[in-house]
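S.K.: prediction below, plus the sequence it came from.
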Amino acid sequence: MVKKKHPGKPLAQRLGTQIATLRKTKEWTQADLAERIGVEPETISRFERGATTPSLQTLEKISHCLRVRIGELLAETSAQPDDQATKIAAWLAELEEPHRSFVVDLVKRTCDHLRSA
């Protein structure tokens, strides 16, 4: 018999936590996200509380808007709102490719320099 792994939180709560975390990383209010995907702010609140789950179509809009794959929204683990890497990734995601590469290279060279100091 194969034992199934049970997630720590129900799907709706995990999804809500992820949406809230990613939204806050972008420094958006619930109203900001709601406007971007065409729903009411209360709808975002219900999603984030885990009271309701979005339709697949709405989930796709949320993932596109937050610039993450749907799978990342459904992941069992989530980054904390104060996770610096998550914040930096969100900022980078909003840049066009040449600018993203420039920033990544700049950060790498700065870290290399500071490690050798």
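M.R.: The structure has been received and is ready for your questions.
S.K.: list the buried residues for the lowest-mean-pLDDT helix or strand in the chain?
M.R.: Using mean pLDDT, DSSP states H and E, the weakest-scoring helix or strand in the chain turns out to be helix 84-93, at a mean of 77. Using 16 or more other C-beta atoms under 10 Å as the test for burial, helix 84-93 gives 86-87, 90. Where you see a C-beta, it was placed from the backbone N, CA and C, and this is true even at glycine.
S.K.: tell me the buried residues in the strand or helix carrying L22?
M.R.: Element membership for L22 (DSSP states H and E) is helix 11-25. The neighbour-count check on helix 11-25 (16+ other C-beta under 10 Å) flags 12-25 as buried.
S.K.: and T86, how far from L22?
M.R.: Using C-beta to C-beta, to the nearest Å, T86 is found at 8 Å from L22.
S.K.: coming back round to it: for the least confident helix or strand of the chain, the distance to its chain's centre please.
M.R.: Relative to its chain's centre, helix 84-93 lies at 10 Å (C-alpha atoms, centre = their mean, to the nearest Å).
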